[in-house]
Structures are given as C-alpha cells and as structure tokens.
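1. Just the structure for this:
(one chain, ligands or ions: 2)
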Amino acid sequence: MDKNKIIVFDTTLRDGEQSPGASMNTEEKIQIALQLERLGVDVMEAGFAAASAGDFDAINQIAKQINNIRIASLARALEKDIKVAADAIAPAKNRRIHTFIATSSIHMEHKLKMASEEVIKRAVESVKYAKTFVDDVEFSCEDAGRSDIVFLKEICAAVVEAGATTLNLPDTVGFRMPYEIAKMIEEMVKFIGDKAIISVHNHNDLGLAVANTLASIKAGARQVECTINGLGERAGNAALEEIVMTLKTRNDEFAPLYTDIVAKEIYATSRLVASITGIEPQPNKAIVGKNAFAHESGIHQDGVLKCASTYEIIRAEDIGAEKNSLVLGKHSGRHAFKDKLINLGFDLDDSELNEAFIKFKDLCDKKKDIFDDDIRALVSNEIIKIPQIYEVEKLSTSSCNKGHASAAVSIKFNDEIISDAALGNGTADAIFKVIDRISNINGELKDYKVNAVSQGKDALAKITVKVVFEDSNNATIGHGLDIDTMMASAKAYVSALNSYLSMKNR
Ligand code: KIV
Ligand code: ZN
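-> Ligands and ions are numbered 1, 2, ... in the order given. The predicted structure is shown next:
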C-alpha cells in the first residue's frame with residue numbers, strides 16, 4: 001500500500017442521500033455513480049442495502065455497472081443487514097461491506113441499551129460474518145468523536161483481529177475541534193500501526209468537517225469519507241471537492257500526500273449532483289459555489305486582469321469550470337450540441353444523441369438561450385431514464401376559484417393512448433388523480449418540490465415528487481422537466497410510477 005495515497009471514500013449516495021429532500025431513484029444514482037467513476041473516487045458507498053428495496057436495487061444495479069471502483073454497502077452490525085449488503089454488492093468486481101455500531105457511552109446507554117462488552121462482542125461477530133462474504137471489511141465506531149479512547153482501542157483491536165481492514169472513526173455529530181480530532185487519530189494510528197487503514201468521517205454541524213478531515217490526514221488518517229457538495233445528514237459531511245483542492249493547492253503543507261481524484265471532473269460532478277437532487281450549493285460555497293470564481297469589486301477585477309494570482313488561488317479550469325461562452329440556441333447545429341454533451345461528461349450512443357437533439361430543438365422553440373444546466377437537466381431527466389412503461393402524451397388543465405381544478409391527461413401505455421379526466425383540490429391533485437385512474441395504481445403524494453433550472457422567465461421547471469404506491473412501504477422518487485410546471489408535474493408523477501414498476505419487475 002502506498003503510504004502517501006489518501007483513499008477517497010465517497011458517500012454521496014448513502015450519507016449524502018440522507019440530506020432532507022435528496023432522495024434519488026435508481027437511475028439517478030447510476031448516473032451519479034458513473035460520474036463518480038470518471039471523477040476517480042476509490043470507494044463508492046452506494047447505499048444502505050437493508051434500508052429499503054429501493055436502496056438494495058440501486059446498490060445492486062451500480063454493482064453490475066461500475067467496474068473500476070470498489071463498491072460498498074453500509075450495514076448495521078446485524079446478521080440480516082450484513083447478508084442483505086453482501087447480496088446487493090455481490091455483482092461488483094471489487095466490493096466492501098461497511099458495518100458499524102455506536103461506541104460512545106451516550107449511544108450505548110440510551111440508543112443501543114447495551115453494555116460495552118456486548119458491543120464489542122456484536123462488532124466482532126459482525127466483522128467475522130461479513131468476512132464470510134468479502135475480504136474487504138470496514139468497521140465504523142459510530143460517534144467515535146465522543147467515545148472514550150481506551151474503549152476505542154479495545155474495540156478496534158478486537159475487530160482488526162476479526163478481520164476488519166479499515167477502521168473508520170466518525171465524528172458523527174460534528175462536535176470536535178481539529179486539534180482534538182488530530183490527537184485522537186494520531187493515537188489510533190500509533191496504536192493500530194499497519195494492521196488497518198484509519199479512516200475519518202466528519203460531519204459539519206459546527207462547520208468544521210473539512211478542517212477536521214485535513215487535520216486527520218496530517219495526523220495519519222489515510223482514508224477520508226466525504227460527499228459531493230458536502231451533502232449529508234443534518235449540516236452534511238466533509239465536502240470532497242474542498243478536501244481534494246486543499247491537498248492540491250496547499251501542496252506545500254501536504255506533499256507528498258495525494259489523491260487520485262481527476263480534479264477537472266469536480267465541477268461536472270457537482271453540477272450533476274445539484275441537478276439530480278435539486279439541492280444547489282450555496283453561492284459562496286468554496287470550490288463549486290456560483291460565486292467561487294466571481295470577482296465583484298473593481299479593485300479585485302483590476303488585479304485579476306493584470307495577474308490572476310493576485311486574487312485567485314485556484315483557477316476555474318482546474319476543476320473543469322472554465323467559462324464556456326458557448327450558449328446554445330435555435331441555430332446551434334448537431335455538431336455543437338454533440339460537443340457540448342461531451343464537454344458536460346455525457347456519453348450517449350447514436351440513438352440517444354438523436355433523441356436528445358430532437359428534444360433540444362424542441363426546447364429551443366420554447367426558450368431563447370439554452371444554458372449548460374438546461375442541457376444537463378434535459379439529458380438526465382429525458383434521455384437517461386428508467387424504462388417508460390407509461391408516458392405523458394397530452395395534458396390540459398383548468399382551475400377556478402376556491403382551489404377546484406380539473407385535468408384531462410392522455411397517457412401512452414403499450415402503444416395505446418389512454419385518456420381520462422378528473423377533478424381535484426388544485427391542478428396538481430387533479431392531474432395525479434387522473435394518472436392513478438389510468439394506471440389503476442393509487443399513489444399517495446409525500447413530497448412535491450419545484451425548482452427552476454438555469455435562468456430567465458422562460459426557465460425550465462423541474463418537479464420532484466415522492467410517492468408511496470399502494471402495495472409498497474417505501475416512497476419512490478420521480479422527476480419531471482418541462483417549460484410548463486403542470487406538465488412537469490405530470491411527468492414527475494409518471495416517472496415515479498415507472499420507477500416503482502421497473503423496480504417491482506426487477
Ligand atoms: O456519521 C456516521 O457515524 C455514519 C456512520 C454510519 C459511518 O454515517
Ligand atoms: Zn455520517
């Protein structure tokens with residue numbers, strides 16, 4: 001093992017998905033997984049297999065399609081979770097089971113209601129059981145940041161003896177200061193030696209996740225767990241792009257340590273995750289925020305024009321975010337369109353390219369300027385998608401005062417067009433009722449989110465719905481994209497329905 005290499009463990013699809021409102025369906029997770037492969041992460045935590053049938057399905061599909069990255073599934077320290085995780089990752093060439101149990105007194109006493117000896121016993125049994133499926137087992141001491149170091153040493157020694165090859169010490173609640181984390185990591189690295197890789201997983205509750213991760217690297221951690229755009233539970237996880245660009249930019253501090261991340265893919269990855277989850281990084285977010293390379297003050301602009309390094313420590317092009325002056329429109333040809341797709345990281349076959357070009361021209365008739373985000377949204381929502389069992393053909397709606405509305409919808413199913421109409425409390429409700437009637441499957445709407453893609457009054461609307469269909473306990477996510485918000489709502493609902501049916505078929 002190269003002692004200078006920092007292993008990048010991306011958990012956008014697991015901890016990142018735990019961000020409120022960030023749920024993704026299988027197809028969307030596959031798209032992100034393909035982009036993470038281009039980005040060059042070393043390990044991809046594709047989900048928590050035992051959490052739901054949808055999680056299992058997504059991990060399993062990713063395990064089949066991603067060849068160059070180690071695929072991990074999270075599992076509680078329970079036999080049933082570990083077995084499901086093993087089944088989900090089974091098709092992957094390189095796989096890892098990541099099992100965890102809490103080790104802080106507060107968690108053991110109040111949440112687990114287990115004595116520390118029992119926790120060690122469960123951890124050891126779990127690692128041994130995981131080893132019956134894979135060689136590569138990671139063990140996490142949940143809430144390590146608030147755990148007693150003597151106990152951490154005891155449990156870590158025991159799980160290493162049982163076969164764990166990576167020990168992750170998360171600051172689960174984002175409580176620690178960089179110097180405190182560094183002290184813990186240094187002591188654990190010294191204690192474990194070469195028997196396992198020490199990993200960190202820092203949450204951002206006090207805004208210190210990246211600082212804590214960098215301090216941990218200095219102290220000897222050789223795996224960092226992180227997410228794109230810093231997504232994650234509550235205030236999120238350490239942002240991959242910030243860790244990677246700090247290591248590069250402050251080479252004077254960190255050399256010879258390095259990652260294998262392809263920095264030029266950072267911007268495309270960030271935009272794809274934002275476009276799929278609908279969660280935009282704050283404008284002043286380091287590295288990938290909209291303002292990260294914008295110079296507003298005259299003095300700064302003047303300085304940058306004379307010599308960029310006066311106010312810039314990273315260039316936009318370092319992360320693949322160079323200003324692309326080419327805004328596509330009505331008169332753009334197929335060649336420019338294809339170039340743009342390649343530029344944005346999409347790899348479409350000829351028939352997908354044809355379909356995308358037709359949809360692009362269609363959009364040009366409705367919208368004057370087409371921005372990169374429009375194209376990303378168009379391709380990720382309209383081209384790379386789950387099999388279209390049902391497809392929205394036509395929609396007409398009317399609303400009157402007091403909230404009552406009606407909708408007539410035509411849906412294509414098995415090459416047949418089925419039309420129906422319904423009344424509802426509001427237009428979206430009427431649309432969803434018609435779709436339920438046509439498909440004969442009732443859905444309960446759990447969440448409905450509207451986002452504008454790119455700029456202008458004629459911006460595309462992206463609707464995200466979360467629906468629980470009748471015989472399922474889990475919500476399915478659907479996205480719809482259209483210049484018309486109600487049409488986008490109909491498409492989103494049908495996309496959730498298609499996603500639910502394809503998963504059922506699989
Ligand atoms: O924050 C945490 O402790 C986690 C573990 C499950 C790794 O996400
Ligand atoms: Zn976490």
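2. Could you measure from Ala209 over to Lys195?
-> Ala209 is 27 Å from Lys195, where distance means C-beta to C-beta, to the nearest Å. Placement of C-beta: from N, CA and C, glycine included.
3. How about Lys131?
-> Distance of Lys131 to Lys195, computed by C-beta to C-beta: 15 Å.
4. what does Asp318 give?
-> From Asp318 to Lys195 the distance is 37 Å (C-beta to C-beta).
5. Then Lys433?
-> 60 Å.
6. same check, this time on Leu231
-> 32 Å.
7. Looking at these two, which is more packed in?
-> Leu231 (25 against 13; other C-beta atoms under 10 Å).
8. Excluding sequence neighbours, find me the nearest residue to the more buried one.
-> Closest residue in space to Leu231, ignoring its immediate chain neighbours: Gly16 at 3.7 Å, by C-beta to C-beta, 6 or more residues apart in numbering.
9. What is the burial count for that neighbour?
-> 27.
10. Just to check, it is in contact with Lys29?
-> No: Gly16 lies out of contact with Lys29 (C-beta atoms under 8 Å); the separation is 10.4 Å.
11. Below-threshold pLDDT in the stretch 201-350 of the chain: ranges please.
-> 296, 323-327 (pLDDT under 70).
12. I'd like to know which residues of it are adjacent to ligand 1.
-> With C-beta under 6 Å from any ligand atom as the criterion, the stretch 201-350 of the chain meets ligand 1 at residues His201, His203.
13. in which helix or strand would I find the residue of the stretch 201-350 of the chain found nearest ligand 1?
-> The stretch 201-350 of the chain approaches ligand 1 most closely through His201 (5.1 Å), counting by C-beta to the nearest ligand atom. Assessed by DSSP states H and E, His201 sits inside strand 197-202.
14. ok, residues contacting that strand?
-> 1, 7, 9, 11, 15, 138, 140, 145, 165-172, 174, 176, 181, 185, 188-189, 192, 208-210, 212-213, 216-217, 220-225, 237-238 (C-beta atoms under 8 Å, 6 or more residues apart in numbering).
15. do the same with stretch 297-306
-> Against stretch 297-306 from outside (C-beta under 8 Å, 6+ apart): His295, Thr310, Tyr311, Glu312.
16. at 6 Å instead, please
-> For stretch 297-306, contacts defined as C-beta atoms under 6 Å, 6 or more residues apart in numbering pick out His295, Thr310, Tyr311.
17. next one: stretch 255-269
-> Applying C-beta under 6 Å, 6+ apart, the set of residues contacting stretch 255-269 is 4, 6, 8, 35, 38-40, 228, 241, 244, 318-321, 345.
18. Identify those among these that sit within strands.
-> The members of the contacts of stretch 255-269 that map onto strands under DSSP state E are Val8.
19. Number of residues surrounding Ser419?
-> Counted with other C-beta under 10 Å, Ser419 comes out at 12.
20. got a list of what it touches?
-> Per C-beta under 6 Å, 6+ apart, neighbours of Ser419: Ser410.
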